[in-house]
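> How does the following fold in three dimensions:
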Amino acid sequence: MQRPDTSWRSAGLWTVQVLLGTVLAGVLMVIAERHNRRFDLTPTQSFVLSDEARQVAAGLTAPVHITAFYNAQEPGQRRQIEDLLQLFRDASAQITYRLLDLDRSPALASSTTSVRSIPASPSRRARCGPCGASTRRNLPMRCCS
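Numbering: from 1, shown residues only. You can find the predicted model right below:
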């Protein structure tokens, strides 16, 4: 009985390993996509809602629509505001939001009467006037309820 050529055998094992690795990576990606979790490992927990904000969001009984205005000239501001609003949206199904560029919607920004400016300071939490929700994030944003 003859032994199979070792080069063909090693090439076959290598191919099987690559295929198994690819399948494993694909399965892990599908699992990660379906069970999306965020972890904030910063010492100050800057990228999560405060306990008070989560309690306020969870206690909402009526729908709340937030219109946030951002300045397109400030890089990264839209992304920061959208991340924060998505955290609130994830905390309560009652919350919906939309983002508008101040330069593209100046009339809407000036006609909005229930806009509250949330001051952002690194030394203190930003607190929303209408609902009292707070965040540890240092973001200039406007929120209306």
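
> Quick check: Pro63 vs Arg89, distance?
12 Å (C-beta to C-beta, to the nearest Å). Glycine gets a C-beta too; all of them are placed from N, C-alpha and C.

> so what sits against both of the two?
Listed as contacting both Pro63 and Arg89 by C-beta atoms under 8 Å, 6 or more residues apart in numbering are Ile95, Thr96.

> between these two, who's got more neighbours?
Arg89 (16 against 10; other C-beta atoms under 10 Å).

> care to break this protein down by domain?
1-37, 51-144 (automatic domain parsing).

> For Thr44, find the nearest of these.
domain 51-144 (6.4 Å; C-beta to C-beta).

> average pLDDT across that closest one?
Here domain 51-144 scores 74 as its mean pLDDT.

> Repeat that for stretch 18-34.
Mean predicted lDDT for stretch 18-34 stands at 94.

> measure Thr89 to Ile66 for me?
To be clear, residue 89 is Arg; Thr isn't right here. For Arg89, the distance to Ile66 - C-beta to C-beta - is 9 Å.
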